[in-house]
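Enquirer: here are the coordinates; sequence isn't available:
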Ligand SMILES: Cc1cc2nc3c(=O)[nH]c(=O)nc-3n(C[C@H](O)[C@H](O)[C@H](O)COP(=O)(O)OP(=O)(O)OC[C@H]3O[C@@H](n4cnc5c(N)ncnc54)[C@H](O)[C@@H]3O)c2cc1C
């Protein structure tokens, strides 16, 4: 069985950057991706805050990351990692299809959308969506509802405003806050966007497909009609596979120091999975830092210092 120098878990911006640096460092590297190389940025409409690209579609940026990593011959396999075994060294990254043995690990598994936890499962594919970039065009000239908070809700509404007839944001907050104030300016400019604040969502309404949502505002129930509902209440970390691994988590996010080291020597993490600012610039920066730390670690290991 091959023993890799480094196995990277996740092929998003953080994992692919780690891959580029690891390949250039001539490490025997494998990237394990469960779904779609390129990561979540492929779901973004237009990205305007990644330096070097004044404006670029999210999927195009994702494609460029993948192409760049492949140019350095990064080996990407498709597998869902279900466990990280740190009992013995080398470590074992255990996927549904295979087990990958490695001297160092870079965790770059990102986040996934939070669920409302109401009756939404019944309506997935029938009017409930978590991704405006993927599904907005089903609602051309229709009325849509965004259930959410802060930056995720604002981003969804902005992605929908030029497609849908009317966009209603329903939020449980008193005020929407944005990571960048320019987003709030754009929200105000959206003439077909309205916001219902302090609202509690009680139930998604509809027989076969979404027809609206029942909410309560200041204790008073009311129905908001809509053809589609986009849920944008934020993200939670993809760290279930770390259960029992001994890697320290804080609210599910991997705890790292400035060198992207975790509490276990030889295991590093980067990108959205480390929490804080969930942006591509931070993900790619940490991808580079994680591999720089992995290189130092492997050098020490080779010299017998560890
Ligand atoms: C709609 C939307 C718009 C956005 N707009 C912007 C923007 O304008 N600017 C900006 O900077 N950022 C934006 N972001 C955020 C940006 O996409 C993320 O910060 C970035 O993708 C994080 O990169 P990452 O590699 O850490 O994680 P991700 O991109 O989430 O990649 C993680 C990868 O790991 C894989 N994975 C997860 N679990 C496993 C497992 N168990 N086994 C194997 N593989 C696994 C996933 O499939 C995924 O491909 C946006 C995000 C969304 C959803």
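Expert: Now that the structure is in, tell me what you want to look at. Quantities reported herein were computed from a predicted structural model and do not represent experimental measurements.

Enquirer: How about the contacts made by the closest residue to residue 57 other than its chain neighbours?
Expert: Spatial nearest neighbour of residue 57, chain neighbours left out: residue 46 (6.2 Å); criterion: CB to CB, 6 or more residues apart in numbering. Yep, even glycine has a C-beta here, placed from its N, CA and C like the rest. Counting by CB atoms under 8 Å, 6 or more residues apart in numbering, residue 46 makes contact with 55, 56, 57, 58.

Enquirer: Give me the subset of those residues lying in helices.
Expert: Counting by DSSP state H, the part of the contacts of residue 46 found in helices is residue 58.

Enquirer: Could you identify which of the contacts of residue 46 has the most neighbours?
Expert: In terms of neighbour count, residue 58 stands highest of the contacts of residue 46 at 20 neighbours, by other CB atoms under 10 Å.

Enquirer: what does the stretch 201-306 of the chain put close to the ligand?
Expert: Counting by CB under 6 Å from any ligand atom, the residues of the stretch 201-306 of the chain lying close to the ligand are 238, 241, 271, 272, 278, 279, 280, 281, 283.

Enquirer: Over to whichever residue of the stretch 151-300 of the chain sits closest to the ligand: give its phi and psi.
Expert: For the stretch 151-300 of the chain and the ligand, the shortest gap (CB to the nearest ligand atom) falls at residue 271, measuring 2.2 Å. According to degrees, to the nearest 10, the main-chain angles of residue 271 amount to phi 90, psi -160.

Enquirer: Report how many residues lie close to it.
Expert: 34.

Enquirer: Report the secondary structure state of the residue nearest to it when sequence neighbours are not counted.
Expert: Spatial nearest neighbour of residue 271, excluding adjacent residues (CB to CB, 6+ apart): residue 14 at 2.6 Å. Following DSSP: H, G, I helix; E, B strand; the rest coil, the label given to residue 14 is helix.

Enquirer: buried residues in the lowest-mean-pLDDT helix or strand in the chain?
Expert: Lowest on mean pLDDT, DSSP states H and E among the helices and strands of the chain sits helix 132-135, with a mean of 84. Applying a neighbour-count criterion of 16 or more other CB atoms under 10 Å, one finds 132, 133, 135 buried in helix 132-135.

Enquirer: Just list what it packs against, helices and strands only.
Expert: In terms of contacts (3 or more CB pairs under 8 Å, 6 or more residues apart in numbering; DSSP states H and E), helix 132-135 is packed against helix 150-160, strand 228-232.

Enquirer: circling back: from the contacts of residue 46, which is closest to residue 113?
Expert: Proximity of these to residue 113 (CB to CB) peaks at residue 58, which lies at 15.1 Å.

Enquirer: before we move on, back to that, so what's the residue nearest to residue 271 scoring on pLDDT?
Expert: Predicted confidence (pLDDT) for residue 14: 98.

Enquirer: That one contacts residue 111, correct?
Expert: No. Residue 14 lies out of contact with residue 111 (CB atoms under 8 Å); the separation is 11.1 Å.
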